[in-house]
Each structure stands twice: as C-alpha cells, then as structure tokens.
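J.: Here is a sequence with its predicted model. Questions after.
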Amino acid sequence: DAKTTQPNSMESNEEEPVHLPCNHSTISGTDYIHWYRQLPSQGPEYVIHGLTSNVNNRMASLAIAEDRKSSTLILHRATLRDAAVYYCILRALLTGTASKLTFGTGTRLQVTL
Amino acid sequence: DSGVTQTPKHLITATGQRVTLRCSPRSGDLSVYWYQQSLDQGLQFLIQYYNGEERAKGNILERFSAQQFPDLHSELNLSSLELGDSALYFCASSERIDGNSPLHFGNGTRLTVT
C-alpha cells in the first residue's frame, strides 16, 4: 500500500476553519484518497473520499492537488466535537486480494474555545 | 450511527479462554473487515471477507480465526487468550471492495483478558 504522511498533531480554535494536510507522493493513478476520524472511545468514522476532483459533503471538503501527491481535509467551522484523530489513507481502485485499509498514526486535532 | 453492530460491547475473560466477537454489517454491505486496536497502538488490520469468502489477511495470529456467514454477519474467534490480546476489536463493512467504496465501522468490542 502506498504510504501517507500527516502531522502528528494540530490545534484549532472553535468556529475557525481547519486544514489538515496529507502527503502521498507515491500514490498510484488508481488510488482513492480516504479520510476517517476517530473520536475518543469510538470506532473510526468515514469522513470523505475522492480520486482526482475536489469533493464536498456535509462533514467536510477534500481538496486534492493537481498532481495528486497531496491532499487537504477542510473542516469549515471546527467545533469541540471535531476533536479527534484524523487518518488519511489510500485505497486502490482495483484491490484484488489486497483490499485492506492500512491506518497510519494520523493527526490528532485539538479544538479549543 | 454507522449501521454496523458489534456485540458484545465489553468482554472480560481469563487467560487461556476462548471468546467470539460478533459483527452485523450495514444493510447491503457485502464485505466485512476486522481490526485490532491496543492501548497506544494504531489500528491493525486482521482479516477481510467478501460475500462469505476470505479476501485479505493481515497480521492475524494463528489463535485467531474468523468467518462470514451466508447472512453476511461475521464472527471473530479468539482462543488461548493471553494478556496481550486485551484490546478494542473493530468490525467494519463496505458495499464493495474497490477503492471507491468507503468503510463504515462499528463501535467495537473491548476485550479485557485477566
């Protein structure tokens, strides 16, 4: 699986936008970029995913660089409930037998008042 | 609510025992994944099934086994339990196994081995 690199931690003030970066310089042309988050004492939660174009949903936006070697998860207005570990993961389009999702260490987001 | 149901929520057992963790995937999802998360450790992939067949295996111990039944629910069996097996065990499901199909996770089973 291609690797991703994320900062260990980030801080944000409540009600401000948050940009969480992810580098994936070895991404292949058929890898989807997935973002999940894990709140304390809960299972990981799907946030958003995309291939080439920017994506928006009710939770967040995903901005994908033109060369696809990096992406940014954007939380438009952070709330205290967004404090979590955010994982950026690559998942191949055609996975065959290698269809596992490999989690790294993620970015721990702290949101303060 | 992700739609993935895991039972039991908590399990306390002794070393050497055997336990079974159960997972019901989201309606319509054909693939089930099992992950282990120990204290201060990341999520470790164990095994994946698609429509009843094993499709991918991670660092799953020989003492652990799993299966997916015709109704698509899955069970993870852990035997000869050791203290180090204490962890959160998460099940996830997805509609398909390709990259355009996100995973949806349950809230896990917390296993404590004493």
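T.: Yes, it's here.

J.: mind checking the backbone torsions on B:Leu83?
T.: Dihedral pair for B:Leu83: phi -60, psi -40, per degrees, to the nearest 10.

J.: Next, count neighbours for it.
T.: If you count neighbours by other CB atoms under 10 Å in any protein chain shown, B:Leu83 ends up with 10. (Glycine included, C-beta is placed from N, CA and C.)

J.: do A:Ser12 as well
T.: Taking other CB under 10 Å as the criterion, the count of residues near A:Ser12 is 20.

J.: The closest residue to B:Cys23 other than its chain neighbours in helix, strand or coil?
T.: Using CB to CB, 6 or more residues apart in numbering or on different chains and skipping the chain neighbours, the partner closest in space to B:Cys23 is B:Cys91 (3.4 Å). Here B:Cys91 is recorded as strand under DSSP: H, G, I helix; E, B strand; the rest coil.

J.: Please give me every residue in contact with B:Cys91.
T.: B:4, B:6, B:21, B:23, B:25, B:32-35, B:74, B:76, B:105-106, B:108 (CB atoms under 8 Å, 6 or more residues apart in numbering or on different chains).

J.: starting at the chain centroid, how far to the helix or strand where B:Gln67 lies?
T.: According to DSSP states H and E, B:Gln67 maps onto strand B:64-68. For strand B:64-68, the separation from the chain centroid amounts to 8 Å (computed by CA atoms, centre = their mean, to the nearest Å).

J.: before we move on, what about stretch A:46-53?
T.: Distance of stretch A:46-53 from the chain centroid (CA atoms, centre = their mean) equals 8 Å.

J.: How many neighbouring residues does A:Gly106 have?
T.: Neighbours around A:Gly106, by other CB under 10 Å: 26.

J.: Which stretches in chain B count as strands?
T.: For chain B, the strands defined by DSSP state E cover B:5-7, B:10-13, B:19-24, B:31-37, B:43-50, B:53-57, B:64-68, B:74-78, B:87-94, B:104-105, B:109-113.

J.: Hmm, I typed the wrong one, I wanted chain A.
T.: For chain A, the strands defined by DSSP E occupy A:9-13, A:18-23, A:31-38, A:45-50, A:55-56, A:61-64, A:70-75, A:84-92, A:107-112.

J.: what lines up beside the helix or strand of chain B with the lowest mean pLDDT in the sheet?
T.: Using mean pLDDT, DSSP states H and E, the weakest-scoring helix or strand in chain B turns out to be strand B:53-57, at a mean of 91. Sheet pairing of strand B:53-57 (DSSP bridges) gives strand B:43-50 (antiparallel).

J.: The partner strand to strand B:74-78, inter-axis angle?
T.: 130 degrees (axes from the mean of the first three to the mean of the last three CA atoms, to 10 degrees).

J.: Let me see the mean pLDDT of strand B:43-50.
T.: Mean per-residue pLDDT for strand B:43-50: 93.

J.: and chain B, which residues reach chain A?
T.: Contacts of chain B with chain A, taken as CB under 8 Å from any CB of the partner chain, map to B:2, B:4, B:31, B:33, B:35, B:42-43, B:45, B:48, B:50, B:55-56, B:58, B:90, B:92, B:97-100, B:102-108.
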